[in-house]
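Novice: The following comprises the amino acid sequence and a computationally predicted model.
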Amino acid sequence: MVNCSFCERKAVYVNHLNGRAYCKLHFTSYFERRVRRTIRKHRMLGEKEHIVVGVSGGKDSMSLLHILRKLSRKNKNWRLTALLVDEGIKGYRENTIPALKIYAERNMVEYKIVSFKDYLGLTLDEIVSTGREKGLPYLPCSYCGVFRRYVLNKAARELGGTVLATAHNLDDIVQTYLMNVINNSWDKIARLKPVADKGGHEGFVPRIKPFYEVLEKESAIYALVNGLVEPGYHQCPYAEYNIRFTIRKILNDLEEKYPGTKYGLLRSLEKIISLIENAQKTPVKPFGTCKICGEPSSHPICKACMYRFELGLLSP
Ligand code: SF4
Ligand code: ZN
């Protein structure tokens, strides 16, 4: 077992890029410093904010909640609310919700749990089986991603949030980047930025991704060494249908053989975004309003309403 590069304690993490090893204590300050730097660099938070943190009860989002709680305790003008969207995935989501409840109650953090059932009338499990009965071609993660973003934005707005923080880490970002390269979706790549402003729509709660530059492995270690989640791994039963699952595995293999692969991809993404923006002359296309539900949308009818219509949850 390696010792910490800064003290005599046992290391919990070795950064293969800078060659340094970190004990629990030094890892915690290393990780928090990196996140604070990302927040500052991208001007994610202003002087007065009501930060709504999108939480699933998993390692990444519990780490994000913990760091933002620490920061907001030092800033009296920041209010913090954790928001969990329960998609209704049997055998999975009920295992992660307790982590949020225990943490929030112990640390007096305001939190709210909303569900697909409340906002859409069906759980994700019911949506998936309805879609299958109707012969729709969509994968569970497609419904889940679209409806989760829809519900998160609505619920964050109802809470009065000025900004919505999500725990997307560097791994998530570069996985999405590669998925969009495969799908030739360059407009979606242009949106993979650490910050998204209102985009010209009052109904859109600005997004920030404070973990944009930290690895999934690092945010998982932070959650474990700070006792934010129980050790163990909960995997969504639908994950294996998603191409992301395969890309994640390939990227992890590459990173192990060639450390720095993921950072390299992030730098490539940043370059591509600026090339797309320069080519378009304007940053990213602003949002319009969905003709059916009135929510922000980049198409005349938002994806959530399109799915609801196809699932028979909307009358024509
Ligand atoms: Fe939703 Fe897919 Fe993630 Fe499961 S794996 S929570 S279905 S996005
Ligand atoms: Zn809509």
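Specialist: Received the coordinates, thanks. Note that the structure is predicted; figures quoted are calculated from it, not measured. Ligands and ions are numbered 1, 2, ... in the order given.
Novice: can we go C-alpha only for contacts and neighbour counts from here?
Specialist: Noted.
Novice: Just checking the distance from stretch 292-309 to the centre of its chain.
Specialist: Its chain's C-alpha centre lies 21 Å from the corresponding centre of stretch 292-309 when counted by C-alpha atoms, centre = their mean, to the nearest Å.
Novice: what's the model's confidence in that stretch, averaged?
Specialist: Confidence for stretch 292-309, expressed as mean pLDDT, is 95.
Novice: Regarding the residue of the stretch 151-300 of the chain found nearest ligand 2, what is its secondary structure?
Specialist: In the stretch 151-300 of the chain, no residue comes nearer to ligand 2 than Cys293, which is 4.0 Å away by C-alpha to the ion. For Cys293, the reduced secondary structure class is coil; criterion used: DSSP: H, G, I helix; E, B strand; the rest coil.
Novice: contacting residues for it?
Specialist: Taking C-alpha atoms under 8 Å, 6 or more residues apart in numbering as the definition of contact, the neighbours of Cys293 are Cys305.
Novice: Distance check, it against Gly131.
Specialist: Distance check for Cys293 against Gly131: by C-alpha to C-alpha, to the nearest Å, it reads 21 Å.
Novice: what's around Arg267, how many residues?
Specialist: Neighbour count for Arg267, taken as other C-alpha atoms under 10 Å: 12.
Novice: Secondary structure element holding it?
Specialist: With elements taken from DSSP states H and E, the one containing Arg267 is helix 261-280.
Novice: can you give me how far that helix is from the chain middle?
Specialist: 19 Å.
Novice: tell me which strands and helices whichever helix or strand comes after it is in contact with?
Specialist: Downstream of helix 261-280, the next assigned helix or strand under DSSP H and E is strand 288-289. Under the contact definition 3 or more C-alpha pairs under 8 Å, 6 or more residues apart in numbering; DSSP states H and E, strand 288-289 sits against strand 296-297.
Novice: Is whatever helix or strand comes next after the strand it packs on positioned near ligand 2?
Specialist: Using DSSP H and E, the helix or strand that follows strand 296-297 in sequence is helix 303-310. Yes: against ligand 2, helix 303-310 shows contacts by C-alpha under 5 Å from the ion at Cys305.
Novice: could I have helix 303-310 exported to PDB, CA atoms only?
Specialist: Below are the C-alpha coordinates for helix 303-310, written out as PDB (Å, rounded to 0.1, in the frame of the first residue of the first chain):
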ATOM      1  CA  LYS A 303     -39.300  16.000 -26.800                       C
ATOM      2  CA  ALA A 304     -41.200  15.300 -23.600                       C
ATOM      3  CA  CYS A 305     -44.500  16.200 -25.200                       C
ATOM      4  CA  MET A 306     -43.600  14.100 -28.300                       C
ATOM      5  CA  TYR A 307     -43.000  11.100 -26.100                       C
ATOM      6  CA  ARG A 308     -46.100  11.800 -24.100                       C
ATOM      7  CA  PHE A 309     -48.100  11.900 -27.300                       C
ATOM      8  CA  GLU A 310     -46.700   8.700 -28.600                       C
END
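Novice: Now that helix: buried residues?
Specialist: 303-305, 307-308, 310 (16 or more other C-alpha atoms under 10 Å).
Novice: do the same with stretch 241-261
Specialist: Using 16+ other C-alpha under 10 Å, the residues of stretch 241-261 that count as buried are 244, 247-248, 251-252, 261.
Novice: could the residues you listed be laid out in JSON lines, adding pLDDT?
Specialist: Formatted as JSON lines, the entries for those read as follows, by pLDDT from 0 to 100:
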{"residue": "Arg244", "pLDDT": "93"}
{"residue": "Ile247", "pLDDT": "97"}
{"residue": "Arg248", "pLDDT": "96"}
{"residue": "Leu251", "pLDDT": "98"}
{"residue": "Asn252", "pLDDT": "97"}
{"residue": "Thr261", "pLDDT": "98"}
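Novice: Which of the residues you listed fall within helices?
Specialist: When these are checked against helices (DSSP state H), the matches are 244, 247-248, 251-252, 261.
Novice: just these that are near ligand 2?
Specialist: Taking C-alpha under 5 Å from the ion, there is no overlap between those and the neighbourhood of ligand 2.
Novice: worst-scoring helix or strand of the protein, pLDDT-wise?
Specialist: Ranking every helix and strand in the chain by mean pLDDT, DSSP states H and E puts helix 186-190 at the bottom, with a mean of 90.
Novice: which one of the buried residues of stretch 241-261 is nearest Thr289?
Specialist: Each of the buried residues of stretch 241-261 was scored against Thr289 by C-alpha to C-alpha, and Arg244 proved nearest at 29.4 Å.
Novice: nearest residue to that closest one other than its sequence neighbours?
Specialist: Spatially, and ignoring its direct neighbours in sequence, Arg244 is nearest to Gln175 (6.4 Å; C-alpha to C-alpha, 6 or more residues apart in numbering).
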